[in-house]
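>>> sequence plus the predicted model coming up.
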Amino acid sequence: MALKLTVIGTGYLGATHAAAMAELGFEVLGLDIDPAKIELLSTGRVPMYEPGLENLLRRHVAGLPDSSGRLRFTTSWEEVAAFGDIHFVCVNTPQKHGEYACDMSYVDSAFDLLAPHLERPALVVGKSTVPVGSAARLAARLAELAPAGDRAELAWNPEFLREGFAVEDTLHPDRIVVGVASEHAEKLLREVYATPVGEGTPFVVADYPTAELVKTAANAFLATKISFINAMAEVSEAAGGDVVKLAEAIGHDERIGKKFLRAGIGFGGGCLPKDIRAFMARAGELGADQALTFLREVDSINMRRRAHMVELAREACGGSGFLGKRIAVLGAAFKPDSDDVRDSPALNVAGQIHLQGGQVTVYDPKAMENARRLFPTLGYAASALEAVRGADVVLHLTEWQEFRELDPAELGAVARGRHVIDGRNALAPLVWREAGWTFRAMGRPHA
Ligand code: NAD
């Protein structure tokens with residue numbers, strides 16, 4: 001009989017995973033502690049912006065016209081426990097307030113709420129990003145709480161999807177990594193992922209700690225790559241070089257590769273910053289903190305980018321401060337094709353300038369609602385043109401395609417000052433300069 005799956009926590013990761021599993025042919029039941037989210041999802045609506053997700057969801061949510069009916073949502077733990085052969089835990093693991101460490105309270109509570117209802121054999125599969133050692137601890141907790149005893153087993157299956165590409169990454173991942181304690185768990189997970197593995201996706205089987213570490217190591221590497229090129233941007237700027245040309249040239253070396261080498265205002269979001277900090281904190285607990293001291297540097301290079309952008313904006317305002325100055329901020333999401341504003345460099349920069357007396361007006365194609373909720377005191381405009389109207393300086397902080405296509409002449413006609421700073425090295429300097437703008441970018445010569 002076909003496996004029945006549940007997905008616990010239906011945020012960016014969980015909602016995508018649930019819809020993708022239904023697409024692969026499984027019956028899926030999603031659960032969240034947020035009833036509003038469950039209500040939305042049950043009617044085929046997605047509580048965030050993720051390209052392609054709503055369409056995928058609508059193909060499967062029970063009760064919608066022409067849907068497969070394979071996907072349902074609930075807030076009942078009893079229902080989830082009774083339904084599922086495999087339970088994917090996809091809840092959030094944010095940074096603890098005032099500490100580097102990971103806040104495991106959401107994961108712990110998901111296990112504590114699910115386990116007592118597990119009366120029949122089940123595989124609980126953690127997908128959240130957790131500090132190494134969590135799986136072993138949670139396996140013991142499961143054994144203690146589940147009435148099914150050792151017939152309730154744990155596996156860890158870290159997730160590597162990128163927001164903005166979540167659907168594609170879930171249906172066609174680069175690799176699938178599973179941390180298992182038995183052949184039975186491996187067999188079940190091979191059954192779940194038979195389609196992508198059949199299409200050639202590598203399936204890596206490991207123990208718990210290795211599987212947990214693969215995820216944090218991958219994020220540490222990616223963060224390091226971004227901070228590396230941002231460090232090169234700092235040096236290029238000091239030396240009068242061009243980091244974009246430099247990145248292109250070093251990227252031709254296959255050992256280096258071209259991806260993740262765009263200098264800018266650095267990384268943000270709900271994953272990389274908190275994951276490298278949690279990794280450092282966990283290494284410290286394990287007595288291996290020396291091994292990861294370089295991540296401190298990665299983090300501080302990254303945070304320096306935001307401060308640098310504020311300084312460039314101050315210079316563009318004439319150098320004496322932001323009072324009486326109007327700043328247009330293009331972008332609020334931490335990356336394009338997403339509405340996620342968690343630890344967004346764009347909003348961080350906007351917030352700093354606002355606190356220093358600047359009048360900031362933000363526009364983002366998809367993240368306005370989330371931005372407003374987090375930064376209610378910033379100004380917001382309904383379009384890029386409206387944000388730029390009357391502005392002294394324009395900051396390009398999230399590289400949406402829409403911003404690449406802006407007409408600098410049209411913007412120049414409504415701006416008060418023609419100064420633009422490209423925090424993502426994504427705009428075409430010549431086109432802007434020809435339209436009469438002073439154009440500054442990250443680690444690039446400025447005319
Ligand atoms: P999110 O905040 O969007 O979603 C988490 C969901 O879990 C929320 O809907 C929340 O209401 C729910 N929740 C919290 N506690 C719960 C509980 N006890 N029981 C049931 N539901 C509960 O977070 P996210 O971005 O989807 O991230 C989830 C995990 O996946 C994190 O560990 C993150 O690091 C990891 N991850 C995220 C991404 C990404 O791009 N977003 C990529 C890879 C891995």
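Thanks, I have it. Numbers count the residues shown, from 1 in each chain.

>>> give me phi/psi at whichever residue of the stretch 301-447 of the chain sits closest to the ligand?
Residue nearest to the ligand within the stretch 301-447 of the chain (CB to the nearest ligand atom): Asp340, separated by 7.1 Å. To be clear about C-beta, it is placed using only N, CA and C from the backbone, and glycine gets the same treatment. Reported as degrees, to the nearest 10, the phi and psi values for Asp340 are phi -80, psi 120.

>>> contacting residues around it?
Residues counted as contacts of Asp340 (CB atoms under 8 Å, 6 or more residues apart in numbering) are Tyr12, Met48, Glu163, Gly269, Gly270, Ala333, Phe334, Ala367, Asn370.

>>> repeat the analysis, applying 7 Å as the threshold.
Tyr12, Glu163, Gly269, Gly270, Ala333, Phe334 (CB atoms under 7 Å, 6 or more residues apart in numbering).

>>> please apply the same query to Cys271.
Thr129, Asn219.

>>> check Gly443 too.
Here Gly443 is in contact with Met232, Ala233, Glu234, Ser236, Glu237, Val243, Ala263 (CB under 7 Å, 6+ apart).

>>> what about the strands in the chain?
Using DSSP state E, the strands of the chain run over 4-8, 27-31, 71-74, 86-89, 122-126, 152-156, 176-179, 203-206, 326-330, 359-363, 379-380, 393-396, 419-422, 438-441.

>>> what's the closest of those to Cys102?
When the strands of the chain are compared by CB to CB, strand 122-126 sits nearest Cys102, at 12.8 Å.

>>> which among the contacts of Gly443 are in contact with the ligand?
By CB under 6 Å from any ligand atom, no member of the contacts of Gly443 lies near the ligand.

>>> turn those residues into TSV, including distance to Glu119, pLDDT and neighbour count.
Shown next, in TSV, are the contacts of Gly443 (distance: CB to CB, whole Å; pLDDT from 0 to 100; neighbours: other CB atoms under 10 Å):
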residue	distance to Glu119	pLDDT	neighbour count
Met232	57	98	18
Ala233	57	98	29
Glu234	58	97	17
Ser236	62	97	22
Glu237	63	96	21
Val243	59	98	26
Ala263	55	98	28
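
>>> could I get the strands of the chain as CSV with mean neighbour count and mean pLDDT?
Converted to CSV, the strands of the chain look like this (neighbours: other CB atoms under 10 Å; pLDDT from 0 to 100):
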stretch, mean neighbour count, mean pLDDT
strand 4-8, 26, 98
strand 27-31, 26, 98
strand 71-74, 23, 98
strand 86-89, 26, 98
strand 122-126, 26, 98
strand 152-156, 26, 98
strand 176-179, 23, 98
strand 203-206, 15, 98
strand 326-330, 28, 98
strand 359-363, 24, 98
strand 379-380, 18, 98
strand 393-396, 29, 98
strand 419-422, 25, 98
strand 438-441, 22, 97
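
>>> ok, what's across the strand from Val393?
Bridge pairing for Val393 (DSSP bridges) gives the partners Ile327.

>>> wait, doesn't it sit right on His419?
Yes: judged on CB atoms under 7 Å, Val393 makes contact with His419 at a distance of 4.6 Å.

>>> got any residues that touch both of the two?
Common neighbours of Val393 and His419 (CB under 7 Å, 6+ apart) are Ala316.

>>> for whatever residue of the chain ends up closest to the ligand, give me its contacts.
Among all residues of the chain, Gly11 sits closest to the ligand, at 1.8 Å; criterion: CB to the nearest ligand atom. Neighbour list for Gly11: Asn92 [criterion: CB under 7 Å, 6+ apart].

>>> what pLDDT does it get?
Listed pLDDT for Gly11 reads 97.

>>> again with Asp150
Note on Asp150: pLDDT of 88.

>>> that one: neighbour count?
Using other CB atoms under 10 Å, Asp150 has 10 neighbouring residues.

>>> name the nearest residue to it, ignoring sequence neighbours.
Closest residue to Asp150 apart from its sequence neighbours, by CB to CB, 6 or more residues apart in numbering: Ala143 at 6.3 Å.

>>> that neighbour touches Arg151, doesn't it?
No: no contact is recorded between Ala143 and Arg151 when judged using CB under 7 Å, the distance being 10.1 Å.

>>> which of the contacts of Gly443 fall in helices?
Among the contacts of Gly443, the residues falling in helices (DSSP state H) are Met232, Ala233, Glu234, Ser236, Glu237, Val243.

>>> distance of the second one from Gly423?
Read it as Ala233. Separation of Ala233 from Gly423 (CB to CB, to the nearest Å): 11 Å.

>>> contacts only, for the residue nearest to Ala381 when sequence neighbours are not counted.
Excluding the flanking residues, the one nearest Ala381 by CB to CB, 6+ apart is Ala387, at 3.9 Å. For Ala387, the contacting residues are Ala328, Leu330, Thr361, Val362, Tyr363, Ala381, by CB under 7 Å, 6+ apart.

>>> apply 6 Å and report the result again.
Ala387 is in contact with Ala328, Thr361, Tyr363, Ala381, counting by CB atoms under 6 Å, 6 or more residues apart in numbering.

>>> would you reformat these as TSV and include distance to the ligand?
Listed next are those as TSV, based on distance: CB to the nearest ligand atom, whole Å:
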residue	distance to the ligand
Ala328	28
Thr361	28
Tyr363	24
Ala381	27
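
>>> list just the nearest of the residues you listed to Thr201.
Tyr363 (38.4 Å).

>>> how far away is the closest one from Leu355?
On the measure of CB to CB, Tyr363 and Leu355 end up 20 Å apart.

>>> and for the nearest residue to Cys90 once chain neighbours are set aside, the neighbour number?
Distances taken as CB to CB, 6+ apart place Gly14 nearest to Cys90, at 3.4 Å, with adjacent residues excluded. Gly14 is flanked by 25 other residues according to other CB under 10 Å.

>>> wouldn't Gly14 be in contact with Asn92 here?
No: checked against CB atoms under 6 Å, the pair Gly14 and Asn92 is beyond contact range at 9.4 Å.

>>> ok, which residues in this structure are in contact with the ligand?
Contact residues (CB under 6 Å from any ligand atom) of the chain with the ligand: 8-14, 31-34, 37, 90-93, 106, 109-110, 113, 128-129, 159, 161, 163, 270-271.

>>> make a PyMOL selection of the buried ones in those.
Buried members of these, defined by 16 or more other CB atoms under 10 Å, are picked up in PyMOL with:
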select buried, resi 8+9+10+11+12+13+14+31+32+33+37+90+91+92+93+110+113+128+129+159+161+163+270+271
